[in-house]
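Visitor: Make a model of this:
(2 chains)
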Amino acid sequence: MRLYSQHLLGTLVLSVLVVCIALGGGFQLNEHGARAMAQGGAFAARADDPSAIYFNPAGLGFQGSSVYLGTTFIMPQVTFYGPTDISITKETKMVNQTFTPINIYGTYELNDNIHLGIGVNNPYGLGTEWPAHWVGETKTQKTDLTSYFITPTIAYKIDDQLSVGAGLNYVTGKVTMKIATPIPFDAPLPIVNLDLSATGVGFNAGLIYKFIPELSLGLSYRSSVKLDANGTAKFDPNYTVLPLPNGDASASITLPATGYAGLACKVMKNLEVEADYQYVGWSSYKELAIIFKADPTKNKVMTKNYHDTYILRIGAEYTMNKIQFRAGYLYDHSPVSTEYVDPMLPDANRNGYNVGVGYKICERWRVDAAYFFLKFDQRKAENTVINFDGTYNMTATLLGIDIGYTF
Amino acid sequence: MKQYIVLFITLAALIAALLIGCTDSAPTGPAIGLGNSTVTKYVSIGNSLTAGYQSAGLYKSAQLYSYPNLIAQQLTKASANIGTFEQPYWPDPGIPDPLTEKASRYVIYGWSGTTPEIGPIGEALTAGAPENAATVLRPYDNLGIPGIPLAGFMDTTGTYQSPPLGRDAILRWTSNALLGKSVFRQVATLKAMGHTPDLVTFWLGANDVLGFAVGGGLIAATGNAPTPSATFQFLYSQALDFLRNALPNAKIVVGNIPNVTSVPFFTTVNPLLAPNIPSGLAIYYQKHLTTGSSTASTRLTEANAPLITLKGQAYAALLGHPTGQFWRDAAASLGAPLSAVLAAQGATLDTTKPFGLHPQNPWPDALILDADEIALATNAVNNFNSTIATVAAAHNAVVVDFNGFFNNIKANGIIIAGEKYTSDYISGNIFSLDGVHPSDRGYGIVANEYIKVINACFNMNIPLVDVNALPGLPAQLHKGGNGKINPVLPFGAFNSLDLLFSPSVQ
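Guide: This next block holds a predicted model:
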């Protein structure tokens, strides 16, 4: 019977592939552990697995030594209808892509008070690709942003009620883009291939306070990180009679600051619930300016004007012997006003529905899996500053898995 | 344990199914179609703009993008059963310039750095019949006749049937030899043959002022004064009377006349030439040849500065040189002796003086539209347009306001699906190389203005032309580069346009 159950669980894990990361508003990726993800990302007040390095470094203070690692499969589906001034119903489907951000955490209990950790994950990223020669090719053809955060962390458990923690974020970022340039001639449009990379530094910090063992408060903050990206631009084709600035190019992007405030409660012996409020400082993303060193008159400045926003998260975990059932919900308020919605990163208010399961395979091994369906509100882009109006229908399916080992 | 796992899988699958099932539906708009109307025959009446003229030529690869052909394609998409929209196709490179007997079409034949070099395609040929003349055994549906003014609609005297511009090949039908071959007779013949038009676009009148303007406002030399407003009013009423009586149930859409100075033919050269006027000097130009030769001066930057036409760009490089190049070209074009042409300019003309910078070798009137001439043209356009509005309303015809539309483009440009279009020469993406006639995309924009009015007035939902998907200007981009469009034009460039806009030439 036991063998059969384990076999069944294995099948479950492989076929459902539980989630560990989820998309957040803009190009933020918000979930960095399958266990937290399955609970709507409401985790900052507990942070009782190694993903605390992301959610709340104070959580390390109440943990032993362990490793936790996994990946997520993010599969967005986007359909654009428009542009309105040609046809409100003309359909273009974004090219389907699967993104696989990773998360790797290791924690080490130096002594009862001091706990160390290090994490590698991808808190910001995005990718959009539209079909070749699509109607918006001069707005965007293909965009990819990836970032790696390497986060050495220290937590100090002051007493059994209070822990504080902080981490340093060493960030590497990479941006690639393809955008077509309009020309008045009957010839293939020059497409710029941008390949930029950058490094940056930020920090994060947090605290967890347990009023009583069953009720805890978590606060955490992650600073913004400014990335001054440099690299090259290559226009293809580049007509000698309409010269475009090949060569050095640069762009600056500030990854926004974010903060969590969460309250977790063990309402029954086997049931924990948590609700979090997350703030995201998206107002740092005012514009995306591509600077061409060879000819600044050809610089491409794209106004974004994101505004600060919030995400509401709620989740629960029910433990039954070796297996844990989890569920969660989140509401992510879009940082993008109607007139700034663009096909490089169409965005809308989102409702996320999460379920997941954890299984303690043996004393030292555990596995977590999550399924996450993200439903975007239908987004009508109207009176846009780029004069590219239309309707975006969007969903994303995310599957993630993490494996943990406790020393 | 097992039952919990089964329960979990069942629940997860159920949630997944529910959620994926709740995706948004596609936006819906009014159904594409003709509403409660039917359209079985569409006929377009007009001049070179309607024929699909581009880059000073009429040729098949441009005619395919004439605004009437684009409208016909969109009508078909809206389930109008109009059959094939027949146009008289002249295979590329198109109809010849009767002066040179070579194709009149202009092309970008090379680049000097990033400056396009523009000139006639230079292929010798003689006017032939349209390739489909023998297979279309009825009047064409596109009755755009290059060069005709409003009077050409009813005229049966042959004035507007001169072969060089292919006019006779279009005006070839009549139901009664005694009635002659006017444009109107083509419509009447279509009706007599059972092809009664139920949608008509009518865009005439531009040549009643454009010939005057393109020729630099020369009145005495060519008789190209704008048509008198009273005459225009008479002719417009007559035209719509006949049309409405012949087609009592047709939907008639008329276009009004764009202000001639909204096209790049008049707006391109001043900003290119002004910086080249030496400091402290000014351009001396001939003024009002009708009242004898006098000169005035300009630095092209004053509020009422004259407009140098695109034809003048060919001579821009000669500014300050002791030359009579323009007069030699004029003599050659007229087939007259140079001495006679020079003598007509008065005794003071001295081509050893710096061209354009000296009162005795002034910038020729034919290459300039001065403030008085602009006022005359603008006044004519305004009078014509108020006539068009009144007469159209009296004949149950609806009006497309091209004057307002192109004035707005001149001031602000227009953005279509995120792409900006302006009235700038070449780079503006609306006008062809002659600076007067639209390009493929420009004609798409014109077609959409018609379709918007048709949809609004007749409660239809004909889809708009995807302008951005139409071809740009043909150009060899691999030759020879500073990014500014500062065209090199050959001497005598656009002489064939004079012919096109000179109704009296036969």
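Visitor: okay, CA-based contacts and neighbour counts for the rest of this
Guide: Noted.
Visitor: mind listing the helices for the stretch 251-400 of chain A?
Guide: For the stretch 251-400 of chain A, applying DSSP state H, counting those that start in this stretch gives no helices.
Visitor: what residues does it put near chain B?
Guide: For the stretch 251-400 of chain A, the residues in contact with chain B (Cα under 8 Å from any Cα of the partner chain) are A:355, A:373, A:375, A:378, A:386-389, A:391, A:393-395.
Visitor: Now with 10 Å, please.
Guide: A:320-323, A:325, A:352-357, A:370-380, A:384-397 (Cα under 10 Å from any Cα of the partner chain).
Visitor: Can you say which of those residues are buried?
Guide: Listed as buried from those are A:323, A:325, A:352-357, A:370-380, A:384-397; burial here means 16 or more other Cα atoms under 10 Å in any protein chain shown.
Visitor: Give the ranges of residues in chain B that sit below the confidence cut-off.
Guide: Filtered on pLDDT under 70, chain B yields the residue ranges B:1-5, B:7-8, B:12, B:15-22, B:126-127, B:162-164, B:175-179, B:218-224, B:288-293, B:478-506.
Visitor: burial of B:V136, as a residue count?
Guide: 12 (other Cα atoms under 10 Å in any protein chain shown).
Visitor: Could you verify my assumption that it touches B:P88?
Guide: Yes. Between B:V136 and B:P88 there is a contact under Cα atoms under 10 Å: 8.8 Å.
Visitor: How about the contacts made by B:T28?
Guide: By Cα atoms under 10 Å, 6 or more residues apart in numbering or on different chains, B:T28 lies in contact with A:81, A:88-89.
Visitor: Wait, B:D97 touches B:S333, no?
Guide: No. B:D97 lies out of contact with B:S333 (Cα under 10 Å); the separation is 11.8 Å.
Visitor: Looking at the stretch 201-350 of chain B, what residue ends up closest to chain A?
Guide: Nearest to chain A, among the residues of the stretch 201-350 of chain B, is B:P264, at 14.8 Å (Cα to the nearest Cα).
Visitor: what's the neighbour count on the nearest residue to B:L243 once chain neighbours are set aside?
Guide: Closest residue to B:L243 apart from its sequence neighbours, by Cα to Cα, 6 or more residues apart in numbering or on different chains: B:F184 at 7.7 Å. By the criterion of other Cα under 10 Å, B:F184 has 23 neighbours.
Visitor: Spell out the secondary structure type for B:F184.
Guide: Secondary structure, DSSP: H, G, I helix; E, B strand; the rest coil: B:F184 is helix.
Visitor: show me the contacts for it.
Guide: B:45, B:143, B:152-156, B:171, B:174, B:190, B:239, B:242-243, B:246.
Visitor: B:A411 now?
Guide: Per Cα under 10 Å, 6+ apart, neighbours of B:A411: B:262, B:422-423.
Visitor: In the stretch 1-150 of chain A, what residue spans correspond to strands?
Guide: Along the stretch 1-150 of chain A, the segments classed as strands by DSSP state E, counting those that start in this stretch run A:66-81, A:91-93, A:102-109, A:114-121, A:125-129, A:142-157.
Visitor: what sits against the closest residue to A:Q324 other than its chain neighbours?
Guide: Nearest non-adjacent residue to A:Q324, counting by Cα to Cα, 6+ apart: A:G358, 4.8 Å away. Applying Cα under 10 Å, 6+ apart to A:G358 gives the contacts A:13, A:18, A:34-35, A:38, A:317-319, A:322-326, A:366-370, A:401-403.
Visitor: buried subset of those residues?
Guide: By 16+ other Cα under 10 Å, those give A:13, A:18, A:34-35, A:38, A:317-319, A:323-326, A:366-370, A:401-403 as buried.
Visitor: Quick one: the helices in the stretch 201-350 of chain B, in order.
Guide: Using DSSP H, counting those that start in this stretch, helices in the stretch 201-350 of chain B cover B:207-214, B:229-246, B:264-267, B:269-273, B:313-316, B:325-334, B:338-344.
Visitor: Out of those helices, which one sits most buried?
Guide: helix B:207-214 (a mean of 28; mean count of other Cα atoms under 10 Å in any protein chain shown).
Visitor: Off-centre distance for that one?
Guide: For helix B:207-214, the separation from the chain centroid amounts to 12 Å (computed by Cα atoms, centre = their mean, to the nearest Å).
Visitor: same check, this time on stretch B:81-93
Guide: 18 Å.
Visitor: End to end on it, go ahead and measure it.
Guide: Taking Cα to Cα, to the nearest Å, the first and last residues of stretch B:81-93 lie 32 Å apart.
Visitor: when you scan it, is anything in it near chain A?
Guide: No. For stretch B:81-93, no contact with chain A is found by Cα under 10 Å from any Cα; the gap never falls below 16.5 Å.
Visitor: my read: A:N169 touches A:L255, true?
Guide: No. A:N169 lies out of contact with A:L255 (Cα under 10 Å); the separation is 11.9 Å.
Visitor: Give me the common contacts of those two.
Guide: Between them, A:N169 and A:L255 share the contacting residues A:200, A:202, A:223, A:225, judged by Cα under 10 Å, 6+ apart.
Visitor: thinking the second one is in contact with A:T172, fair?
Guide: No. Under the contact definition of Cα under 10 Å, A:G202 does not touch A:T172, with a separation of 11.1 Å.
Visitor: Please spell out which residues along the strand ranked longest in chain A are buried.
Guide: Determined from DSSP state E, the single longest strand within chain A is strand A:191-212. Of all the residues in strand A:191-212, those buried under the rule 16+ other Cα under 10 Å are A:191-210.
Visitor: angle of that strand against strand A:142-157?
Guide: 20 degrees (axes from the mean of the first three to the mean of the last three Cα atoms, to 10 degrees).
Visitor: so what's B:F85 up against?
Guide: Shown in contact with B:F85 (Cα under 10 Å, 6+ apart): B:41-43, B:68-73, B:76, B:140-142.
Visitor: Bridging across strands, which residues link to A:T107?
Guide: For A:T107, the beta-bridge partners are A:S66, A:G117 (DSSP bridges).
Visitor: pLDDT score for it?
Guide: A:T107 is assigned 97 on the pLDDT scale.
Visitor: From B:D92, how far out is it?
Guide: As judged by Cα to Cα, A:T107 and B:D92 stand 76 Å apart.
Visitor: With neighbour numbers in mind, choose between those two.
Guide: A:T107 (28 against 15).
Visitor: For B:S112, see how far away that one is.
Guide: 67 Å.
Visitor: Just give the nearest non-adjacent residue to residue 92, would you?
Guide: I went with chain A, as the question did not name one. For A:T92, the closest residue by Cα to Cα, 6+ apart turns out to be A:F80, at 5.1 Å.
Visitor: switch to chain B, that's the one I care about
Guide: Nearest to B:D92 is B:Y59, by Cα to Cα, 6+ apart, at 5.0 Å.
Visitor: what number of residues lie near that neighbour?
Guide: B:Y59: 26 neighbours (other Cα under 10 Å).
Visitor: I'd assumed A:M94 was in contact with the residue nearest to A:T92.
Guide: Yes. At 7.6 Å, A:F80 counts as touching A:M94 under the criterion of Cα under 10 Å.
Visitor: how far away is the most centrally placed residue in chain A from A:L398?
Guide: Nearest residue to the geometric centre of chain A (Cα atoms, centre = their mean): A:L29, 0.4 Å. Noted for A:L29: a distance of 12 Å to A:L398, by Cα to Cα.
Visitor: cool, and B:A62?
Guide: 51 Å.
Visitor: Look at the two and report which has more neighbours.
Guide: Taking neighbours as other Cα under 10 Å, B:A62 and A:L398 compare with A:L398 leading, 26 against 23.
Visitor: wait, doesn't the more buried one sit right on A:Q77?
Guide: No. Checked against Cα under 10 Å, the pair A:L398 and A:Q77 is beyond contact range at 11.2 Å.
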